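>>> below is the sequence, then the predicted model.
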Protein chains: 4
Amino acid sequence: MAEAEGLQEACGVFGVVAGGEWPTTLDVAHTTAFALVGLQHRGQESAGIVTSYGDDPHKIFCHKEMGLVNTVFDDHALSRLKGNLAIGHNRYSTAGGSQLVNCQPFVVDTMHGLIAVAHNGELVNAKMLREKVLQRGVGLSTKSDSELMTQLLCLSPPESEESGPDWPARIRQFMSESQTSYCVLLYFGDKIYAFRDPYGNRPLCLGKLMGSPGGRISDSQNDNAECDGYVVSSESCVFTCIGAAYHREVLPGEIVEISRSGFKSVCVVPRAEERKAAFCIFEYVYFARPDSIFEGQMVYNARFRCGEMLAKELPVKADLVSTVPESATPAALGFSKQAGIPYVEVLCKNRYVGRTFIQPSLRLRQIGVAKKFGPLTENFRGKRVVLIDDSIVRGNTMAPIVGLLKQSGAKEVHVRVASPPIKYPCYMGINIPTKEELIANKLSLDKLSVYLGADSVGYLSVDGLVTAVQEGIPKKTKGTGHCTACLTANYPVELEW
Amino acid sequence: MAEAEGLQEACGVFGVVAGGEWPTTLDVAHTTAFALVGLQHRGQESAGIVTSYGDDPHKIFCHKEMGLVNTVFDDHALSRLKGNLAIGHNRYSTAGGSQLVNCQPFVVDTMHGLIAVAHNGELVNAKMLREKVLQRGVGLSTKSDSELMTQLLCLSPPESEESGPDWPARIRQFMSESQTSYCVLLYFGDKIYAFRDPYGNRPLCLGKLMGSPGGRISDSQNDNAECDGYVVSSESCVFTCIGAAYHREVLPGEIVEISRSGFKSVCVVPRAEERKAAFCIFEYVYFARPDSIFEGQMVYNARFRCGEMLAKELPVKADLVSTVPESATPAALGFSKQAGIPYVEVLCKNRYVGRTFIQPSLRLRQIGVAKKFGPLTENFRGKRVVLIDDSIVRGNTMAPIVGLLKQSGAKEVHVRVASPPIKYPCYMGINIPTKEELIANKLSLDKLSVYLGADSVGYLSVDGLVTAVQEGIPKKTKGTGHCTACLTANYPVELEW
Amino acid sequence: MAEAEGLQEACGVFGVVAGGEWPTTLDVAHTTAFALVGLQHRGQESAGIVTSYGDDPHKIFCHKEMGLVNTVFDDHALSRLKGNLAIGHNRYSTAGGSQLVNCQPFVVDTMHGLIAVAHNGELVNAKMLREKVLQRGVGLSTKSDSELMTQLLCLSPPESEESGPDWPARIRQFMSESQTSYCVLLYFGDKIYAFRDPYGNRPLCLGKLMGSPGGRISDSQNDNAECDGYVVSSESCVFTCIGAAYHREVLPGEIVEISRSGFKSVCVVPRAEERKAAFCIFEYVYFARPDSIFEGQMVYNARFRCGEMLAKELPVKADLVSTVPESATPAALGFSKQAGIPYVEVLCKNRYVGRTFIQPSLRLRQIGVAKKFGPLTENFRGKRVVLIDDSIVRGNTMAPIVGLLKQSGAKEVHVRVASPPIKYPCYMGINIPTKEELIANKLSLDKLSVYLGADSVGYLSVDGLVTAVQEGIPKKTKGTGHCTACLTANYPVELEW
Amino acid sequence: MAEAEGLQEACGVFGVVAGGEWPTTLDVAHTTAFALVGLQHRGQESAGIVTSYGDDPHKIFCHKEMGLVNTVFDDHALSRLKGNLAIGHNRYSTAGGSQLVNCQPFVVDTMHGLIAVAHNGELVNAKMLREKVLQRGVGLSTKSDSELMTQLLCLSPPESEESGPDWPARIRQFMSESQTSYCVLLYFGDKIYAFRDPYGNRPLCLGKLMGSPGGRISDSQNDNAECDGYVVSSESCVFTCIGAAYHREVLPGEIVEISRSGFKSVCVVPRAEERKAAFCIFEYVYFARPDSIFEGQMVYNARFRCGEMLAKELPVKADLVSTVPESATPAALGFSKQAGIPYVEVLCKNRYVGRTFIQPSLRLRQIGVAKKFGPLTENFRGKRVVLIDDSIVRGNTMAPIVGLLKQSGAKEVHVRVASPPIKYPCYMGINIPTKEELIANKLSLDKLSVYLGADSVGYLSVDGLVTAVQEGIPKKTKGTGHCTACLTANYPVELEW
């Protein structure tokens, strides 16, 4: 239910560098646009692509606008984005507001030529950094972290720089000043620098365009294999639709230089005081696409195990297990399997409703209609239903659904939520309703049950969630550790305001 | 796969008359707009609503435009559509072309005042009827069946008419001249006349606005119960989201007069020569929403039984059964249950792809990327997969999907289609690709298997489909009988050109 | 001031038939679009063009939309309008309302094929005609006179018709049923029929495309000269910009058949009871472009003579004569010459203001700012000014202008209006504010002077206007006579409601 | 003809500060929008307004978009622009390209709060200044001079600054680094700083909102008069339509601080080496509106005198003098008066043509149609015509006009141009076609005459122009001097690239 209730990932980033001799025939703009469609769930407000031939730091092509990828980019717009490399960005505003001027990639002219920056995340110490930039006499024309970060990278030439800009050194300096949260693609010249904050709060992974479709993961492990191009993406789910193979994740704190000759790990900046990594656990719970791979495991399976864990923690006698389509389906199937109760569909989703701006009339509001869903009545009339949801945020969409099932003849409805109650704000790139809006801060479990009209309600525990997620991570995986701040107020870094 | 391959229902219609004393507080425009969103799957090209207070045949309100319901109607547009009754229409062009002038409802001024007509279907003898109207010296300003039908209804006053227009008599006369296919809402004065062709080719059903949500079907059987309003709709799936209860279907050949005092069955025009009814069987297979009710049964269950029948007709040894999401899921669950093979998800659908106008690059076309789907690799690597689809039309989207599964590690992929091969054109309101484009007319089953890269392919038989559909229809249901012309060339009426 | 005060011509029409062998290279769509731009002053709400190859009565091309010609037609839209002949239309709504459905040309399919109709004017007996059509059982989908006229032309085959439609006979029949007001282009097959009502209320003239620019009027008199095409237009002012030469006017009541071989006068339908012709005198006063030719004289000169006549009728002692730019300039120059007082510009017009939708703030309304004009102060400070305007309708724009001149230092301001007071409605195609809004019905001349803040005010007399207009008409000109109904209530036909 | 031939002023600026106690009722956004409409002739690509209450340097309102003022601002947009002061901008791109990101006012956040900058002009040493900013490690996100100027103003705190920003000192420093060309409005806090480059290259003047309309210039000279607000504008022509009175010009090099208590002249920065001022003489010739006041004289009168001078320099025997409407009319009237030859109109301008995107067909191009003008044939047939134009730039619109007059019967056509030949580029804010495109660089006067088809052609001399302009300037006016670089290559500053 996160989808309908204002929990929103902020951004998706993607980059590609064509392999082999330049200029190549690879259409980097098309590849990036396709990938951005695959990352559209991470941000629906604006989209942008920057391309370059990589031979002239003063000549890039840029197109960015408010809107979905497919409205921002048509074949005409793409045909004008020429070159051998590209970075792209989908945005949903956290800091900075919803305006064209905040669209990314952010492009600036520097003394060395043009650079472009695409950023997913939110700088927890943005205020302090902003103050610093302004004190140096630089005017900032937007409120976005991306402009701030870009100006910081411009302003901070380390002493060692002589002949040209030492971007890795500048990035390291930036990392020392701001520890989280960011996954960034920095384009300059014929390279893309991809870097992830030392806490690894937001996801970023590498892949290779292989000249043939599908996830031929095995091939990609061979670093010497010829390939059409090197790609970097917030999520691996886009790789299939662009004909890429998954290579590996960018590590927390790692800077990877991507050029026509491939990936080169520049360095891994450590966390201060040996703190643990803090990968956002809600990427598993809700944000990411189920076919993406994080920390060596498929997101779908983590959700499935959350469902299994939920069945163990909060068993219930019932005739059938079902889902609030579509995001809760893996958890529902996991619950069904663990509990030995058949999985049956009870709700039909109207896929056109989501985009409707027509407000319900007073009458419809009063009767609390579940406008997104139709009941598959014959499947559950007279039955005891366990209804699985991925999360409850504001809690205002579940009550009408329970009502719908009850009025359509369900004997009992037991709500089970495959994640713990959300109680605290996120300062690292996620839009969460205010504390006052979060239902978990307003109602006890008993009262919630009454409020929803359900026969029972239960959440997965924090420990259950962490266990379910972590038991799927292969042993050899480095640098794991998860941020559960929105559930526990246990933030990875001190918050100073 | 029908969705992606050009099989397209042509229209959806909806009407509402507020009950009780007029003017009422019921917002008929909002109610109709909500219902049209629920019928959006039946037509995405244009949308229109006509409203009236019912007290002045010269004063109606009309708004119609090209586009989806939610782009055509915002709160401002709806606020101008005042009144006690409304009819609405979603359109996908068959005859008439895709132009604003063909949008419905079609409104004309007559000697008796304004009438408005909304039509789902296609007149098989349109050419002859058109000739007749033109010969009477009437110019036709569009190519749509709706204008034609409207002028026919205007031109044909039966002798009995004296004081005012006898619409039921005119409708009967029209029905005698054109036997199929249509479901029509005719607004005049303070009434809506809803009528369905004698073959019952397209669906139409009645419901009551009950002042509370959900499908309280039992209540609605009581004709004397007070209700907020009387509604008529192409499908019952919309009833939940507008707070209506299902009442019954309009019978083949029936004319129902809907007024503030309720439904009144005027007459049932019989089919010539005691022919059988011919309700479009593809409404069950693909067009309708699964939560709609036809002939006393829920569409979802008919699809589920098609899956079961398919498992009986074409069994296969496999490790898992899966679906091409989302339309084939009921059939896949039915196959799974019948075959005793676990249901497992193998494909993740990118819900943003469907709306993309960005064409794949040459490279992506060459590698045949399945752009809409991501593989849930860990769920099927090394496994034998039965992949259920609802239908195969042009056949150009299944091959990349099979390729995706194979390259991602599926050991075997067996394609099972929950409907028979589509071979013939429809002249009754459905858009079907040309005969030459239909894969079933191009490749034998063996060659299809090779073409798809599948280990085996199989279709449900026509008998199997008809049996699966009909065994769910309650005994008492009148006037059943199904059109299978696109599968068998067995058209319900002679086609004359 | 007519421009700013709601006096508005309703339509412009234009047609072209390419000469010589078909298909020709003449771009009839471009030619028509250019001509419509030249007729834009006659209607700014919608524009439309219909083209045809002339060899298939079932195949025409049509494009029409709300908006100015240059927004409705771009090169892409024009490239799709192919053929050898075209008719076009600019519209400002009188009857019918401002909606796409009322855009012209109006196209309908008839038993003989497609016809298209473009109409300038207003049928004074529309109500009766409409009743007649509806009684014949025809539904009318718009409220426009054009649909009505088209259906009448379809419905009324005279007895003599056997093999095909006898359009001239049908047009004659229509003319006998409705005597005014209309100038119509009727396209059918390879011909355009151009006809003008027997009263000649609205203008219509013929021209020839001559393969070279400019108004080589002498050449065009030779009917045998080879020419690129034959054109018909509401006004001759468009001829220069399309490379046409003026030929002659269509006579009141005349039907002209235009084909690839030229113009053919079919007949001239006489007025009933030997009444006089009634060409709208406001075409001279304000509507037409000054470079158009009516009844053998240039409109500019008629306006100039109105200025001269005004100086004779209402002389005034002053230092300079000036204009409210731009429409009153010819009259101001005429007044200046007759009175022997120098012509000096006192107002600078901001050409961007006219298109502004920004409403003035309360403060600006209170101080009555003349938002369209800036004062050329140094030209009139301390001087006595005669300010000429073409007409005063509502009278709400002149007061701020007089105020502006006074406050900027004018010693005296004498307002002289080069037409008589408008007092009555027009039922023949002109939009005039209601009787209550017309300043001439509200204030006596003395009070008007006070209201305007002027030192004196005077109108041209009706006799003066008629004399000034008629003395420029060459003696040989047939069928003259002018409608002054809005000034005198002397309507050319009886009005029956 | 400058209008049609690519000579284009680049920008207009306007600012207003409400007088008296804050918050006031003065609608500063509406006032600014109205003024921008009045300055629309100075830039038609984009428009923007920034407003503020003046009490919080971190809170401003901004709206800017591509398009004309009346499309960018409607009542809704204006209602959101609240406050006591505003600056606005119209833009036509010179440097920076035509993109939203370059729209002005340019707003940046600084360590002191938000500032906004609106600029008319072009920095001749922009390249050097840009280099300087980039070397300081600042990234520039646009190519516009406005961002550059803004960052320079941010970066350059003079030593004396302690408590807050000393904007006058920063502006002085900027002026010492860049001497031309600019008129700038800098908003910060509760003040607007208006400054003009030491050469006074572009115009800027001050006015007072007086609570009543018209140019009551006398009143405004009293600095103590109560007034609604203080305004600054590129041209005084806007004052009438906003109810303001002209106060005086901003002097070359002057910095004026505008606050709620009025105007305060901060200082006047002198030109280096006692050079002369260099006000763009083409503001008189073509760019400015004729009702604007520069250097104490009305622009209209300077143009009138240019016409008189032209008649003295290049007399011709003729029957009438006329104008290419509308910009050449003052010069034509001046020529007529000096030469004693009657002024007669010969061309009628179609005011809708200018906005047309429809390209003429091949046939129309071949016959060289003068698409903007219709001939008033009867006014000049058989006559000798002197045709006055304000300027000839590319020379491609005059030939068809001369052709039109000749073919319509003019006996002789003598072209007289009320300004000298344009031969050189401008680097100070004006768009001029390339040297190669300028007709004066391609054809001698004799050949030009043949090319145009005229009986003779003549230009005003540079001396004649300067004399005609300067003799209208009152003696007491300070700091005059004019830039004639586009005519003489005599640039006010050295150009270094």
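On my side now, so go ahead.
>>> I'd say A:Y230 and A:C205 touch.
No - assessed by C-beta atoms under 8 Å, A:Y230 is found out of contact with A:C205, at 11.9 Å. Quick note: C-beta positions are derived from backbone N, CA and C, even for glycine.
>>> show me the shaky parts of the stretch 301-450 of chain A.
A:354-357, A:366, A:368-369 (pLDDT under 70).
>>> just the pLDDT for A:G6.
pLDDT recorded at A:G6 is 68.
>>> measure the residue of chain A most remote from its centre to B:P290 for me?
Using C-alpha atoms, centre = their mean, the residue of chain A lying farthest from its centre is A:G382. It sits 39.8 Å away. For A:G382, the distance to B:P290 equals 20 Å [C-beta to C-beta, to the nearest Å].
>>> look at the residue farthest from the centre of chain A and give its secondary structure.
coil (DSSP: H, G, I helix; E, B strand; the rest coil).
>>> for the residue nearest to A:K476 when sequence neighbours are not counted, grab the count of nearby residues.
In this structure, A:K476 finds its nearest non-sequential neighbour in A:G296, 7.8 Å apart by C-beta to C-beta, 6 or more residues apart in numbering or on different chains. By other C-beta atoms under 10 Å in any protein chain shown, the residues close to A:G296 number 15.
>>> wait, A:G296 sits on A:Q470?
No - assessed by C-beta under 8 Å, A:G296 is found out of contact with A:Q470, at 11.2 Å.
>>> can you list the residues of the stretch 51-200 of chain A near chain D?
Where the stretch 51-200 of chain A comes near chain D, counting by C-beta under 8 Å from any C-beta of the partner chain, the residues are A:100-101, A:106-111, A:115, A:130-131, A:134-141, A:143, A:147, A:150-151, A:154-157.
>>> those, buried ones only, as a ChimeraX selection?
A single ChimeraX command selects the buried members of these (16 or more other C-beta atoms under 10 Å in any protein chain shown):
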select /A:101,106,107,108,109,110,111,115,130,134,136,137,138,139,140,141,143,147,150,151,154,155,156,157
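>>> so which of the residues of the stretch 51-200 of chain A next to chain D belong to helices?
A:R130, A:E131, A:L134, A:Q135, A:E147, A:T150, A:Q151, A:C154, A:L155 (DSSP state H).
>>> so what does the residue of chain A found nearest chain C have for phi and psi?
As assessed by C-beta to the nearest C-beta, chain C sits closest to A:H76 within chain A, at 13.1 Å. Main-chain dihedrals, A:H76, degrees, to the nearest 10: phi -60, psi -50.
>>> and it, how many neighbours does it have?
7.
>>> what's near enough to touch the residue nearest to the residue farthest from the centre of chain A when sequence neighbours are not counted?
What sits nearest to A:G382 in space, not counting adjacent residues and going by C-beta to C-beta, 6+ apart, is A:K411, at 5.5 Å. Contact partners of A:K411, counting by C-beta atoms under 8 Å, 6 or more residues apart in numbering or on different chains, are A:D319, A:G382, A:K383, A:R384, A:V385.
>>> ok, A:K411 to A:L405 distance?
Distance of A:K411 to A:L405, computed by C-beta to C-beta: 10 Å.
>>> and what of A:F195?
For A:F195, the distance to A:L405 - C-beta to C-beta - is 48 Å.
>>> which residues in the stretch 301-450 of chain A form strands?
A:320-323, A:347-349, A:373-375, A:384-389, A:412-417, A:430-431 (DSSP state E, counting those that start in this stretch).
>>> can you classify A:T477 by secondary structure?
Per three-state DSSP, A:T477 ends up coil.
>>> these two touch, right, A:Y53 and A:N84?
Yes - when contacts are counted by C-beta under 8 Å, A:Y53 is listed as touching A:N84 (5.6 Å).
>>> neighbour count winner among the two?
A:N84 (23 against 15).
>>> could you pull up the contacting residues of the more buried one?
A:V17, A:A18, A:W22, A:P23, A:T24, A:L26, A:V28, A:S52, A:Y53, A:G54, A:D190, A:R260.
>>> can you show me the strands along the stretch 151-300 of chain A?
Counting by DSSP E, counting those that start in this stretch, the strands of the stretch 151-300 of chain A are A:182-188, A:191-196, A:205-209, A:229-233, A:244-249, A:254-259, A:262-268, A:279-280, A:293-294, A:297-298.
>>> hey, which of those is tucked in deepest?
Highest mean neighbour count of the strands of the stretch 151-300 of chain A: strand A:229-233, a mean of 29 (counted as mean count of other C-beta atoms under 10 Å in any protein chain shown).
>>> can you tell me the strand partners of it and which way each runs?
Partners of strand A:229-233 in the sheet, by DSSP bridges, are strand A:11-18 (antiparallel), strand A:205-209 (antiparallel).
>>> what would those look like in TSV with distance to A:K264?
Formatted as TSV, these follow (distance: least, C-beta to C-beta, whole Å):
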stretch	distance to A:K264
strand A:11-18	11
strand A:205-209	11
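>>> in CSV: these, plus mean pLDDT.
CSV is the format used below for the strands paired with strand A:229-233 (pLDDT from 0 to 100):
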stretch, mean pLDDT
strand A:11-18, 96
strand A:205-209, 97
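>>> among those strands, which comes closest to C:Q338?
Among these, the nearest to C:Q338 by C-beta to C-beta is strand A:11-18 (75.5 Å).
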